[in-house]
Structure formats: structure tokens, C-alpha cells
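Novice: Need coordinates for the below:
(4 chains, ligands or ions: 2)
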Amino acid sequence: MGRSAEPTLFELSRPGRRAWSLRRSGLAEWTVEELVPQEHRRVPPVDLAEVSERDLVAHFTRLSQRQYGVDTGAYPLGSCTMKYNPKLCDEVATLPGLTAAHPGAPGALTQGWLELMVELEASLTEITGMAAVSFQPAAGAAGELTGLLIMRAWHASRGDGRQRVLIPDSAHGTNPASVVLGGYQVVTVPSDQRGCVDTAALRRLLDEDVAGIMLTNPNTLGLFEEDIVEIASAVHEVGGLLYYDGANLNAILGVVRPGDMGFDIVQLNLHKTFATPHGGGGPGAGPVAVTGRLAPFLPGPRPVRRSGPPAGAAGRPGQTPPFGWEMPEQSIGRVHSWHGNAIVLARAYAYILANGCDGLRRVAEAAVLNANWLRHRLRGIFEIPYDRPNMHEMVLSAAGLRQRRGVGAGDVAKRLLEEGFHAPTVHFPLVVRDALMIEPTETESLQTLEALACALQRIAEEAETDAGPARMAPRTTPVGRVDEARAARRLIPTWDARASS
Amino acid sequence: MGRSAEPTLFELSRPGRRAWSLRRSGLAEWTVEELVPQEHRRVPPVDLAEVSERDLVAHFTRLSQRQYGVDTGAYPLGSCTMKYNPKLCDEVATLPGLTAAHPGAPGALTQGWLELMVELEASLTEITGMAAVSFQPAAGAAGELTGLLIMRAWHASRGDGRQRVLIPDSAHGTNPASVVLGGYQVVTVPSDQRGCVDTAALRRLLDEDVAGIMLTNPNTLGLFEEDIVEIASAVHEVGGLLYYDGANLNAILGVVRPGDMGFDIVQLNLHKTFATPHGGGGPGAGPVAVTGRLAPFLPGPRPVRRSGPPAGAAGRPGQTPPFGWEMPEQSIGRVHSWHGNAIVLARAYAYILANGCDGLRRVAEAAVLNANWLRHRLRGIFEIPYDRPNMHEMVLSAAGLRQRRGVGAGDVAKRLLEEGFHAPTVHFPLVVRDALMIEPTETESLQTLEALACALQRIAEEAETDAGPARMAPRTTPVGRVDEARAARRLIPTWDARASS
Amino acid sequence: MGHFVPHTEADIEAMLGLLGLSSTDELFAVVPEALRLAVGLDLPAGLGEPDVIEAMTALAGRNRTDLVCFAGGGAYDHEIPAVTRALAGRSEFVTAYTPYQAEVAQGVLQALFEFQTLVSRLAGLPVANASLYDGASAAVEGVNLAVAATGRPTVWVSRGVHPHWRAVLATMAAGSGHHLVEVALADGLTAWPEAHEGERPGVLVAAYPNYLGCLEDLGAARAAADRAGALLVVAFDPVASGVLRSPGDWGADVAVGEGQGLGTALSFGGPYLGLFACSLDHVRRLPGRLVGETVDIEGRRAYVATLRAREQDIRRERASSNVCTNQTLMAVTAAIQLGWLGTAGLAQVALACARGTRYCRDVLCSIDGVEPLVPAPALREFAVSLPVAGDVLVERLAEEGFLAGIPLAPAMVGASGQDGLLVAVTERRTREQIDAFGAAFDKAVH
Amino acid sequence: MGHFVPHTEADIEAMLGLLGLSSTDELFAVVPEALRLAVGLDLPAGLGEPDVIEAMTALAGRNRTDLVCFAGGGAYDHEIPAVTRALAGRSEFVTAYTPYQAEVAQGVLQALFEFQTLVSRLAGLPVANASLYDGASAAVEGVNLAVAATGRPTVWVSRGVHPHWRAVLATMAAGSGHHLVEVALADGLTAWPEAHEGERPGVLVAAYPNYLGCLEDLGAARAAADRAGALLVVAFDPVASGVLRSPGDWGADVAVGEGQGLGTALSFGGPYLGLFACSLDHVRRLPGRLVGETVDIEGRRAYVATLRAREQDIRRERASSNVCTNQTLMAVTAAIQLGWLGTAGLAQVALACARGTRYCRDVLCSIDGVEPLVPAPALREFAVSLPVAGDVLVERLAEEGFLAGIPLAPAMVGASGQDGLLVAVTERRTREQIDAFGAAFDKAVH
Ligand SMILES: Cc1ncc(COP(=O)(O)O)c(C=O)c1O
Ligand SMILES: Cc1ncc(COP(=O)(O)O)c(C=O)c1O
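Specialist: Numbering: from 1, shown residues only, chains lettered A, B, ... in the order given. Ligands and ions are numbered 1, 2, ... in the order given. Model (predicted):
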């Protein structure tokens, strides 16, 4: 049942087999020769795969059974906030009134979407302590770049040609990559003993060439940057802006707000904090929220509430509809083909409605409680390089285990897969050797955490006496340990490359 | 991934945990004490299970992963017609205009449903060659009993108190059980060398006390009863009626019709032939179709088209709606709480629309082609007790293998599970020793059939040299061979029984 | 070939080749020529998926499912959360057959084991089966079991049992030869005879709450059964069980019920879910499938369909019932739904229904000419007498956007000959809706 | 605690106990007191599921999705069959993270491998990545790759490229420092300059079909690129690929595209699916994830994310792109949808679009005052000039039940200064609908 290999669609294919069927259109059956000039015609048609509906369904069903997801079990993948996302949001995501809306339809015909965005903006500004939001960025990294372009536009509007952006050494890889795309130079700020930004070092790096600093708070070690107020004023003093990478917002919902900490620009990963399941790597949504002074620079057009008719009055002929589109005065321009990953926004809005002010705070409390509980529970089992009160995640190190037994973080991770859990994030953040970064999220129960801790304990103890199981793991998964080096060495990116290689 | 045991909902439960949420009703919050007289009140409330939505989802997702279905792979379970059912029918089954209709709403408010039933009746009478249909029976067995009660009512209306109903020895178990519930005595008709009804024996059993005969054609050996015309006239001659168990109708769609064969009463298993997936054992639908003379006896009320306004005109005030309910004059009465398994009817109707006359015949052709191909392909690998042209299914025997190697039909079946296929039906029909009854259905491709044949060949060859693997199988399934005897001996029908046993 | 048949022309040719045939027609050579259809079925040609969806959507659109629902009578529009739909829709559950091969069917089997446990707890009886077709068929099976157990075919059925169920019992009695005796209601509650005239009954059937929504005194039913030495079959409402005493607690031998309210949509009446629970004495007469816990060859916990010797495929004409395919998917759905509700949730749903019912009854009965039909306490449904015919009222209120209830047949209303309506209020109804309903009702009766 | 947090009060107490804390507030002691919110967020209290669904359904109901759609412009209402929805909705796909742990992610990895193969075939180029955000971001990445490869930041962009994509390119150029030069259309086709004035371009970007629906002569684009020694990036339409030559066949170095038409709903513009394919020369500059085939420890075929050293999490500021989360679920969806369509199906869809487009163009252009905007051949979308403003026309036709198309900005219409409308016809449109549209259009323009 689901253990043996699954052939590719191309192996299942047989010429002439089919699953498709179309509508009877009643149109004249002009031929392709009549409709497509010869020089543009593809002859023969592109060869895809030809399978029956039955085989198609069995194929993708079996593929799904070779895939672990949050619905399968716990997914303590640090920095990724792999919480359980309510099924109610899935239903919202399929409402025909949302999914069938054409993005190019005029505002008068899409008042529901505009209202949703305007309301979601209000919620997110309240949650972040910012003034305005753009929904165009399609994921966190896109939000980062958008934020940096806003930063650049703001400085430019003041005739200020700053060149450098500061990033802590514990930052996520998208931060430096985005900084470069924003046309800035990356300057790395070291962490101190506590695992937080080394404020002394920071001060040394600050000057009038610094456009801003990108921070994650809590940072990727799961630690709250306690000196944030000091950092903010130091950066602001030299005329820089503070960028908040909101990937870790889950930890502070309803507790503390980036705006109150002094941040100017915030990107939110709705797919982490606000109930969009990850889809195997997207879609997400990375809205950018900014303070009032930066609002004119936001991407556009933006959905706005017009003063005038009340919501729900949409579409009555002759009336100006209550919601519309507006281009911010100094907008950096578009950053998306349309309006962003709208369906993800709908999920997020439903999630916020369901949780409310009380529920959101409970999310943060439970996320932080769970991570701290695990830190206590795992003491003495793995090294905990920063063993102090953490927020929503915590980082273990397998460095000792590697030294003693040759079992590294990656091996522990693979071994954990056999125990029915997804693995933690490994080898990140870079400031910890053999890091195992665990984010339990708020939706895992005490029992699940205990089971996870037991599994990790079992693995650690086993490795001390026998490195074999961890190094040969996993064995109970659909495939065993995968040869990554070979994949890169002998690149087979398509079925056709395989056939010809 | 999915191999280890899954705890029960009751083990996952913790007091106070919850998944539920309700609507804000705005009603006064009367207490249960105010609303429920003390003698009726349950104190404390019934203890169910208390889990979070997250745990609930993980639990049932993991359970689903411990379950084989048609979407997982081939399911050659004889007599069950485990074909692939189009996903389009699943979507039809969730149309809110169908699912949200209250069965007690007056006909004027449910014209869509009435029209659907009337149209489906027209299709099914055409397919079966009968005159009228009742949709009330919820499955095949319910249809059988309904048909027998119609038979009884018809004879009674003629003052005829016949006592006996004939059934071939190859019949499905529901047939004799239904006969008894219909108030009749079962008389078994032997099969002959060919695997068909022994017509000479039949003639000997026929007399004026015979109310009718129940036949499956093709029968459960997958063989067409070639003497059906002779049988029909013999039964009719003594005043008996012919009942057609339509579980095997898939084989003859668009090729030959029960009505034309001489049958008076037909039950259809829509969940076999007409695209309702089996749901792990239901729901199904077992409509009963009859000839004109029996139509007055059908269960009621029945949906009918009224002469007058055209379809689609429903609901216009003042107009009589085009469809309504009618009680047949001599109706046997109701056989269902409402109108039958309506959603299953909607699936069936969509399936018939999609296939059309041409598609339905192709279904039969491919079903029969597949089964005959397998019979040829498996020659020499297993015994084929009736090795002659079959219809949609064929029966192998493992009797020789059992004798030689102690490997019976059940062992072969369990071993096949390891190969990624569902097992055939075993030990049925009873007329074949160690029967392996294979119904490939029309939705399996030649490749799949070949893979199935190869697996069976491997198993047969392996068993000749080593009985072990088959007798210890299955080993790659979520659990190994299950102790059925113990389950019956030490009955644990609930979690509570376990706790107390 | 067609849309859902995978074969290409080449496949067919190759396959026919192995059989030594040259056309698919020859596959049917065993069918007497005279019987074979000369021309195809008189049905339209097949449609592509979009056209089928369009046709079905058009049909669906001709049902008035936009009405705010106050109809019940055994079918209730309870909330069905997204989880229930998502999980019950998992294709492994949906596309499995009856779990004959336990090793690859642990998913369905364990879900059914959990379902049985939940039903057993709701019913207050130690065994529950894995489902029957619907409430009516469960009642029939309950009667069959009891008659077999007592050997006495006389059946006393309360008029508080759903009229459709009584109709089905009557239909089945034609085959089984049972002798049904209906017992009338007085002031909404069953007036069990003190003594039996004629044949001593083998079984009594009561409903709780009954069809008029009233809470029967099952103590009286139990006493009447005891006087006759009969078994007591109670038709119970699993949702109301969130606050009501269980049939088992009242002393029922068998509990039957309609489980639609546990996560299955109204669906125009089906597929629904027959619930069946009984005391241990009767387990070998239990109709339908039963799942039991056991172990596998390695001693691991496992589930399997058990006591199979009761069933038709093994015992044939001596089986305890003819049921084969039942309503497994609805049983799995109910397990999910009850898992979602849990202890507190089910109690809250029942309570919310009771609150709405109380409020709605007050609202409607404050209307001139609308009176409670009977004085007995009701829980989640109530009957009123009307100054106009029930069907006329339903029609009028449909125009105002309400499905007002189910008109009561004269036999239900009793001697008075009045017009009556059965009104149900689920936890989905808000005060606002009830107020609007009341206002429209007021207009419609005058 | 709340609705989606599993903890009971007892759990919380026990857990706090281990931490030596007495309240959850203390969990946040590390947050400077002054920063902590004294009162909760100013948001309403949480709602139960039914109320959320009701609120969202009400919002959804305020979009006019009942209109018959003739709008395209990069977003098309193609048929999405039930299988695509059912399979792409499998929760294992939906709830997985990026496949970092290949051993438990073979499902997503293999589906992406199949997706890459399909995109590669559509594009006629040997490598395709596992998705980008949308068409615009794919275009940006294509330009970035080409500029990096040629070392020349001047970018010639055809005005036939979607105006939104050009806007995004312009936004990004502020950071990248690229120098964008727009190349105008003449009679609907890009008029590539014979020679470059100023800086020599490193990359040319063309669209096929272009925004006006016209089939560009990519041979001319290739020649212009060759003259400049530039790379050619072609924005292609994967559905139109069912009948059109592939970018690779025309000589493109990079093909980018919007994959929404492959099974993803209109969704008000997102999530969509950025397609990206290129020649093997550029594989080490490929943005985003790439899945490759390999083997596991036992030599079994397996899939894994490969050439990871390109990516931001490893290479950080030297990464080829900053993309991390992309649009995997849409890529899996596209693989399913293309599996459903297959060779013949995709060709038939493209052909059906072309038929409807031809017919609709004939119908509309027979209306007085409505003319083809440009003479170049169109495939699945066409532009007309109008006697009234496009937005006024769209508004009027909405009242008749049609979403008439997308008004063309003056810059698209060219020097004439006329009003223009872009009209798209998918395989879902019937002759009947087009006739009705034509009739309504006729009335609306007069
Ligand atoms: C801390 C941090 N920042 C940024 C990102 C990038 O977000 P995305 O993957 O949505 O582009 C991530 C996600 O992996 C993250 O964990
Ligand atoms: C030949 C035959 N007859 C009757 C039946 C009974 O149908 P159902 O299971 O729907 O009651 C079956 C199904 O198993 C069958 O195979």
C-alpha cells in the first residue's frame, strides 16, 4: 500500500488515451490550418502525456500518499510556522464569488474583493501597528524586495543616495538576496553571546550611508531582540529605516507590535501566521505594511474605501461604489501581475475573523508556551546553545553528537522521519553549528510535544551507543536517503533529459 | 509514514479540548435546566471524545491513509463492480441546490429533484426495457426485498397465495435472505456443467406454488444465462414472475435488456453500474424497475411528470408545477424514510448524461473485453473451472493449489495485497471451490490488467515452490494478517468494551 | 472508446487478438441474437463534463434551497463544518468497498469502530452496528430482532413514531407477517394500553422525542413492555441525546435512530444513516455489519468485521437480515462530526436547538389563531394548530423566504380535525431569523 | 484557550509548571514592558465557523461573478475539471512545506518533476523550474538572468508585453539598475529597431501572442537579438502552445509565462503561476527551485530539489534570485490539468479558443463603429476600436450579463487615440453566448 515506486505520467501514457472532454460550443469547426498561419503552427502538437481519468486520479492519489503534510502529523520545521490551518479557510478559498472574479474587471463589479482587502488592511495595520498595507507581494521574499524598494524610493525622494543595508548574521537567506535586488550592499551585523544583535557592533556600522536595517524579531534563534528600542533609535538617528521581516510574527500576535518597536516597514508572511497551508512551497502572500510617512510609496494601485455609500450598496446603477482603486502618489509601481495572491488574503481574513483579538493573542501564547516547554523538556538531551526564554521556536545543536558519534543534525532529522514526525529545520540559522531549529507552533497539543520529545530523546540515546540507525535513516519512508550529490552532478531536470541521458 | 498504529479518538481525547464552534444566535441563553424537564435530562452529558480540530484532522487523515480505495489502485473484487467513478459525479453530489433540499418540502419547491428523478426513471426504463421505476430502495438488498413484496402483492391481488421462490445455487447471499423477508420459501436451483441454470432441474421445480425466480444475468460466475428465454417462458407458464438481480448490469449495458429477456422486476445497483463510489460499504441505491402490469404496485409516493406546464416553469406563482408526487394505486407502500438515496440518484443521472447511449455500450464492451482478456491471460496459471466466453467477470479456482501446497484462495488474495492490488472476491460463488472471482471493470487499462496478471502469475509460481509467503501474507500492509477468530471469540465491539474486557 | 474507458483502438485490437475475435460485438456472441439490441439505446449521445455540470446545476437550481429552514420531521439542517466535509471526502474512504480485506481496510474499520462506540454511548447500550439504511430501516430491523427474540409477531407501535417509518413497518409486515398495532397519542404522548387485548405483543416501539417533538415518558413504555414481556425498541434522536437521557438509561432493549443530523446534509432525504444499538443479549441477532477489535499476526491492534456468521453472504436464508451495502460513508461522517462536536459541542447544539425552539414556539403561539397542538414538553421541534391549511401556509411562507415546516396529516393532529404544522429549529437559526419568520407567519395565517 | 489552540487550562498549567511560570503573560517577560500591549488588539472578538462562512459568503456575493466572461488580458476562465480540483486539493499536497526532506516529499517532488517536464515541452526548452510567483515575476527573473549572462543591463521590452508586466519590470529596475527601453508596436506587431541607438541591449523581451492577441514574428525578434548579441526572452501562453510553435523552436533563450490557464481559477489575480524555462547554458542561473531525478540509498528512483547552491538560503547575497516560497500548489495543479488534457486535449482547447475568437471577432466587427484595432493575425484574444469609451461599454454590458473585456489604455491603442477593448474567448464560450454578446454589444455601443 503506497510503498512501491510510482511511475511518471510519461510512463503511464499511451497514444490516444484521454481524460479530457469539452463543452459543446455550437461553433463552426474551423481547422487549425484555417485559424493559425502556417509559420506559427506547431506540427505535430506538443506531446504531453495521454492517460485516462482513472489513471490520472490513481497516479496523483498515490503521489499524495508519498507526501508528508501537516495533516499527516507534526511538522516542527523552524522558521516555517507549519501550524494546522483550519479547514474553514479552505472552504472560503473555494467560494465561487471569490474564485471566479476576473482581476481585470472594473472595481464596480468586484466590490466584495475590494472590501475584503480594505478590511484586511485595517486588521493588519492594527496587528502590526502600521498605517497602510500593500497586498501585491506574492510571498515573503517579494515583500522584502518591495519593502527595500520603498526604502530606496523614500531616501531618493529626499535626495539621499544611501548604499548599505544592515542584516544580522542570523538572518534568513532571502534578506541578503533581497537587499542585493533592491540595489543595496549587504553589511552583516554579528550576533552577541545572547544570540541577539550585538548593539555595540551595530553602532560601529551605522553611518549616513546606511539606508536601513532588516530584522526578524523574534529572530531566527527564536529570541526576542530585547534591545529593539535602542536599535531603532540608533538606526533612525542616522536617518536609516527599520525593516521588519514578519516571518516570525506568530510569536507576538496581540502581545507587541512592530510599529511600537519602531519599525517603518513590515512584511507579513500570511502563509505562516495567517492560515494558508504551504502547498508544498507556495502559494503564500507577503503583504508589506508601512508607517504613514511611507504610505505614499506603496505599490499600486491599492484598494481604498471611498467616502460615500456604505458597503453592500455595490452595483446599484448610478451609484458610485464604496470601494475603488487608487495609485499612491509616489508609488514605486506594480510588483505583481495583478493584485497579489488574493485567495491567500481571503484565507487570512477569515482566519482573523475566526480568531478575533482574543484568539490571536492565544495563538502567540500557545506558540511561545510550546516552544519553551520543549526547550525545558529537551534539556540534557541535546545541547541548547541559547538556553534562555525563547519565543515561538528554539534551536538545538547536534554539534556534540557529531563530534562524539559522527551523527549530525541532518542525521537526527532523517531519523526523526522514521518516528512519524517531520524533521526540524537543519543547519539554520548559520550561527549555530549543526542546528536543529524547532518551531512546534500553537496547534500541537501537549501529547504531541511529549511524543516529539520522546522521539528526540530516543534518537539521541540510541546515537550515543549506535550511530548506524541515524546515519542510515530513514528506512520506513517511501524512499530511503536520497543521493543529493548525484542529482546535482548528473542533472536530470525533466523526463526527457532522463531519456536522453 | 503511515505505517505505525493510529490511536483511537478516545485515546486522543482530553477533557476540555474542543474543535466545535457555533453560530451566534442572539437568543436568550436559557439553561438546560430551564429547557429540559429533570426526568429527561442527561447528567452529565454523554461523554464523547474531546479533541482539537488539528488532532481530529490528523486522526482521520491518517486513518484514510490506512485504507485502500479505487483511487489507490485496481480493485478487481468480483460481483462488486469496483470501477473508477468520475470525479464529475462527486461534484454533482455536492451541488447546494441538491444537498440542501429538505425532503419534506412540498413538490412545488423541489421541482429540480422531481425532474431529475423523472428523467432518471426514463433513462433507466430504456436501459432495462422496463416500464416504471421506484427509487426508494437504498441498496441492492432493499431493492430485492421491494421486488419480492411487489411480487407478493401482485399475486395477492389475483388471490394467489404462492409460497416459493426459486434461486440458483450460485446466487448472491442477499437473494435468499430477501426471499425469506418477503415471506417466501427459498428453493435452490442447481447449476449445470456450464455454470448456468440447470433448465431440466428448473422445470422439475416449477409448479403453481412458485411465485417467481430470482436470477442474476450474467450470473455470479460471469456467465450469460443463454437459456434465459426458455427459462422465462417456463416460469411465466406456471404463473410465476422473473426477478432480475441487476448487480451485474454493467456487463450488458446497451447490449441486451432484462425486459427483453422476459424479466418482470429488476433491481439496479446504482452504486455498481452507475458511478457511486462504494464509500467503504455504502451508500448505494437499489431502484426497482418493473413492467407495466406491475407498475401499480410500486412503492410510493413516486415522482411524476404532470401533463401541463413545461419543465423549468417551476415556482411561478399560480401555476401548477410540472412535476409532482403520486401514490400508485395498489402500492405496496413506503420502503424508505423519504425518497431513497437521492444523492446517489443524482450521481447516476450525471453518469448517464456523460456516457450517453454510445458511452454506456462502450462500458459494457470494455468490461467484458477486460474480463475475457484476463481469462485468456491467466490460463495455465490458475484453474478456470468454467473456461468459456464470460461477461464482465471470471472465476478462478485455487483448489488445486490448496491441495498441492496448502495455499488457498484466501492466501492468494492476501498475497495479492502485497503487490499493490486489492484482492478478488474469495470463496464466492459457492459453486466453485476456493473461488477467486475477478471483475476487472472497464476502467482498468491493458497495462493494469497485465500487471495484475503478472502479479497473479508470480504468486502462483512462488506458491508452487514456497507456500510461506502466501500463507504469511500480507506483510507490507498497515497491519499483518488479522485474527478474525479472536475478534468473534472475544467480542470487542466498542472502545468501552475493550476498556472493560 | 468512450470517455471513462481507457482503451485506445490499438489496445482493443490487441486484446481482441488474444481472444481470437475481430470485433467487440463478438464478445456478446453468447447472448441469443434475438435478444441483442439491434439499434442502440434510445438515449442522447454522451456529453462532455462541462455540459453535464451545466445540466445538473440547472436542475439543482430548480429546488428552492434558498429558504430559511424551519422544517424537520426527522431531517434537520444542522451545521456541517468544513472539517467534516473535508475528511469524509478523503477519496480512500469514498472509494473503498466494504472492508472484506481487513489488512488494507484499517481506516474504514477503525472509523467504524469509533462510530460504534459513539453510537453505543449516545444510545446507552453496549453494542451498536456499523449502520443501516435510514431510521425507518433501523426500526424495521429492530422489530425483526425483537420478534425473533420473543417469538411473538405482534408489534405495538406508538403513533409518535414518524409516520413514514410506520408506513415502512407496515410495508415490511406484508412479508414478515408481523401484526402491527398502532397506539394512539393523548395530549402528545403515547397512551400505552394497560392491558393487551388480543395477541400479546413481542415488541413495543416508541419515539423519543416523538414525531410531534414531545418527550415521551419512556418509563411508561418500559412498564408496558414489561407487563407484556415484550422488548422495547426506542427510536431516538442522536442530536437531542446531547441533553436527553439515553434509550438504554430508560431501559430500552434496542435503540434505533436516524443519524442524518450527525454531519450529513439534508440531501432530499438520502443517503441518511440508520443507527442501531442493543443490549449484549441480542448481539448474535444484530443486523448488518459489526466491527470488532482484534490483533494481527504480530500482535498489533487491528480491526475486523466480526460475527460475520449473522450475515447474508454466509448464512444466506438464515441470516438475521438481508442488508449488505449499508451507509458506511455516513457512519464515518458521523464519527468525524461527533469528533468535532465532542462532549460539550453536542450538548451545546442540543441546547441551542432547544433555545431556538422555545423562542420560536413563543413567537408563533403569540400569533392569533396559532396554538400549541399538544401541551407536552417539546425539545427541538413543536407542533402548532393553524387557522389555515398547513400546505397553503407553507406555500405562502415560501414566497417570503421561509420553509415553514411540515404540514401535519390529519391522523397526526388527532380528533380535532384542525390544521397543524410541525416546526423545527436548529442551532443554525438566529433570533433575527425567527423574528422575521414570526412576522411573516403572522401575515400568512391571516 | 481559543478555537484552534488545543490546550486545556490543565495543559497550560502543567506546561507553565515545567517552566516555573505562573501565567502565560510571563512568557513575554523578555519583551520590554513598555512595548507590550496594555490592552488587546482593537479587533472584534472571534467568530464561530458558521459566522465566518456567512461573512465571507456575503463578501463573495458582492463580486459580479455571474457575468459571462469575455475578459482575458493574461487571466482566462478556462474549464477546470473536477479531477483537477479533487487531486490538487489532496491535503498532503496542500499542507506540505517546500520539499526539504526529500524522503517524505516524493509526492510533491515527483509532481514537480512532471510539471517541469511538461513546461519544458510546452516551451521547447530543456529546463524548466518548479514555478515562480506569476507571469510578471517570471519576466523579471528572465531579464535578471539574461542581464547577468550578457553583463549588459539594457533591456528592450516590446510594448506587446502585458502592460502590468512592463510596470513590474520598471519597478524592479529601480533596484537592479536595469535600463528598460520600450519598443513600440506597428500594426499590432513589435517593430524591433534595425540598429541600437545608445547602449547595446543584453536582452530582448517579446510576448507570444502579445497583449493585443497578435502572433508576433519571433523570427524578427530573434534576428534583432542576434544583431545585438542579446538573449531573447519570450513571454508565452501555455494554453495557446497547444497550437503555436514553442519559444524554443523560435530560438528563445528563456521562456517565461503565466500558467494560470493551466487549472487555476481566475481568483481575482492570484495565486497564479509563473512559468520559467531556459536553455541548458543558463541552468546555474535558473531562479527558484529545480527538482532533479536521482536515486536513494537502495538505488531506487527518487526525486530531490537540486542545484540548491543557486538559491538564497545557501548562497545568500550571491543567489541567482531571492525567491523562496513560490507557487508549488499551482504547479502541481498544472501538472494535473495538463495530465487531464494530454496532447490532444490541449490542442483542442487552443483550437476551441481560436474558433470562438474568430467567430466573436467576426460578430463584433460586423457592428457599426466597431473595427479590428490592428490587422495582425490573432489567436485567442483580439482588440477592437470602439465608438464609446471602453470602461463605459464594460459597465453597460455588465448590466446585460457580460464581462465584455478589458478596456485598452491609450498607450496600447496607439497614436489614433481611439477607445479600445481587448476581448478574449475561451473554450467555455458557446455560439449562443457569443451571439447574445454581439447583440448586447451592438446595443451598448449605440
Ligand atoms: C525568517 C524568514 N524570512 C523570510 C522568509 C521568506 O519568506 P517566503 O518564503 O515567503 O519568501 C522566510 C521563509 O522561509 C523566513 O523564515
Ligand atoms: C450479485 C449481487 N446481488 C445483490 C447484491 C446486494 O446489493 P447491495 O449490497 O447493494 O445490497 C450484490 C452486492 O454485493 C451482488 O453482488
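Novice: tally of neighbours for residue 283?
Specialist: Using chain A. For residue A:283, the neighbour count with other C-beta atoms under 10 Å in any protein chain shown is 31. Any C-beta I mention is one placed from the backbone N, CA and C, and that applies to glycine too.
Novice: The intended chain is chain C.
Specialist: Residue C:283 has 17 neighbours, counted by other C-beta under 10 Å.
Novice: same thing with residue C:443?
Specialist: Neighbours of residue C:443 under the rule other C-beta under 10 Å: 12.
Novice: and it, what is it in contact with?
Specialist: Shown in contact with residue C:443 (C-beta atoms under 8 Å, 6 or more residues apart in numbering or on different chains): residue C:400.
Novice: Spell out which residues of the stretch 301-446 of chain C are next to ligand 2.
Specialist: Contact residues, the stretch 301-446 of chain C versus ligand 2 (C-beta under 6 Å from any ligand atom): C:324-325.
Novice: give me the residue from the stretch 301-446 of chain C nearest chain D.
Specialist: Closest approach between the stretch 301-446 of chain C and chain D, counting by C-beta to the nearest C-beta: residue C:428, at 6.8 Å.
Novice: Look up how far residue C:261 lies from that residue.
Specialist: The gap separating residue C:428 from residue C:261 is 12 Å, by C-beta to C-beta, to the nearest Å.
Novice: per-residue pLDDT, the residue of the stretch 301-446 of chain C closest to chain D?
Specialist: Reading off the confidence values, residue C:428 has pLDDT 98.
Novice: ditto for the one 3 residues further on
Specialist: Per-residue confidence for residue C:431 comes out at a pLDDT of 98.
Novice: quick one: it and residue B:23 touch, right?
Specialist: No. Using C-beta atoms under 8 Å, residue C:431 is not in contact with residue B:23; the gap is 10.8 Å.
Novice: Which one of those two is surrounded by more residues?
Specialist: Shown here are residue C:431 and residue B:23; by other C-beta under 10 Å, residue B:23 has more neighbours (20 against 17).
Novice: Can you pull out the low-pLDDT segments for the chain?
Specialist: No chain was given, so I picked chain A. Scanning chain A for pLDDT under 70 picks out A:1-3, A:308-318, A:500-501.
Novice: could you do chain C instead?
Specialist: Low-confidence segments of chain C (pLDDT under 70): C:1-2, C:415-416.
Novice: By residue count, what's the longest helix in it?
Specialist: helix C:328-365 (DSSP state H).
Novice: in that one, what's buried?
Specialist: Within helix C:328-365, the residues scored as buried using 16 or more other C-beta atoms under 10 Å in any protein chain shown are C:328-361, C:363-364.
Novice: Tell me which helix or strand comes right after that helix.
Specialist: For helix C:328-365, the following helix or strand on the C-terminal side (DSSP states H and E) is strand C:371-372.
Novice: Relative to that next one, what are the paired strands and their orientations?
Specialist: Applying DSSP bridges, strand C:371-372 is found paired with strand C:381-386 (antiparallel).
Novice: Run through who's touching the partner strand.
Specialist: For strand C:381-386, the external contacting residues (C-beta under 8 Å, 6+ apart) are C:72-73, C:188, C:209, C:212-213, C:357, C:360-361, C:364-365, C:369-374, C:393, C:408, C:412-413, C:416, C:418-425, C:445.
Novice: 6 Å - rerun?
Specialist: For strand C:381-386, contacts defined as C-beta atoms under 6 Å, 6 or more residues apart in numbering or on different chains pick out C:72, C:212-213, C:361, C:364, C:370-371, C:373, C:418-424.
Novice: for stretch C:323-337, same thing?
Specialist: So stretch C:323-337 is contacted by B:60, B:139, B:141, B:174, B:279-284, C:84, C:87-88, C:93, C:111-112, C:114-115, C:130-132, C:259, C:262-264, C:271, C:273, C:287-288 (C-beta under 6 Å, 6+ apart).
Novice: same question, stretch A:9-28
Specialist: A:49-53, A:55-56, A:495, C:3, C:6, C:8, C:48-51, D:114, D:339-342, D:345, D:355-356, D:359, D:427-428, D:430-431.
Novice: Would you mark the buried spots in it?
Specialist: Buried residues in stretch A:9-28 (16+ other C-beta under 10 Å): A:9-10, A:12-14, A:17-23, A:25, A:27.
Novice: Smallest gap between the stretch 101-250 of chain A and ligand 1, at which residue?
Specialist: As assessed by C-beta to the nearest ligand atom, ligand 1 sits closest to residue A:140 within the stretch 101-250 of chain A, at 2.2 Å.
Novice: burial measure for that residue, as a count.
Specialist: Close neighbours of residue A:140, defined as other C-beta under 10 Å, add up to 29.
Novice: can you give me the strands in the stretch 201-350 of chain C?
Specialist: Taking DSSP state E, counting those that start in this stretch as the test, the strands found in the stretch 201-350 of chain C are C:203-208, C:231-236, C:254-258, C:274-278, C:291-295, C:301-305.
Novice: and of the ones you listed, who's closest to residue B:385?
Specialist: Nearest of those to residue B:385, taken as C-beta to C-beta: strand C:301-305 at 27.5 Å.
Novice: The closest one and chain B in contact?
Specialist: Yes. Legend: contact between strand C:301-305 and chain B by C-beta under 6 Å from any C-beta of the partner chain is shown at C:301-302, C:304.
Novice: if we take those, which one ends up nearest to residue B:328?
Specialist: Set against residue B:328, the nearest of the residues of strand C:301-305 next to chain B by C-beta to C-beta is residue C:304 (43.1 Å).
Novice: how near is the nearest residue to that closest one once chain neighbours are set aside to residue B:6?
Specialist: Closest residue to residue C:304 in three dimensions, ignoring its sequence neighbours and counting by C-beta to C-beta, 6 or more residues apart in numbering or on different chains: residue C:102, at 4.4 Å. Here the criterion is C-beta to C-beta. By it, residue C:102 lies 15 Å from residue B:6.
Novice: So the two - more neighbours on which side?
Specialist: Neighbour count, other C-beta under 10 Å: between residue C:102 and residue B:6, residue C:102 has more, with 26 against 21.
Novice: Does stretch A:244-258 reach chain D?
Specialist: Yes. Stretch A:244-258 comes into contact with chain D (C-beta under 6 Å from any C-beta), by way of A:254-256.
Novice: In three-state terms, label residue C:12 for me.
Specialist: Recorded secondary structure, residue C:12: helix (DSSP: H, G, I helix; E, B strand; the rest coil).
Novice: Can you tell me what sits against stretch C:18-34?
Specialist: Outside stretch C:18-34, the residues within contact range by C-beta under 6 Å, 6+ apart are B:224, B:226, B:255-256, B:365, B:368-369, B:372-373, B:376, B:389.
Novice: My error: substitute stretch A:344-352 in the last question.
Specialist: With contacts defined as C-beta under 6 Å, 6+ apart, stretch A:344-352 is touched by A:89, A:92-93, A:98, A:116, A:120, A:123, A:135, A:270, A:274-276, A:283, A:285, D:52, D:56.
Novice: What is the neighbour count of the closest residue to residue C:397 other than its chain neighbours?
Specialist: Spatial nearest neighbour of residue C:397, excluding adjacent residues (C-beta to C-beta, 6+ apart): residue C:404 at 4.0 Å. Residue C:404 has 28 neighbours, counted by other C-beta under 10 Å.
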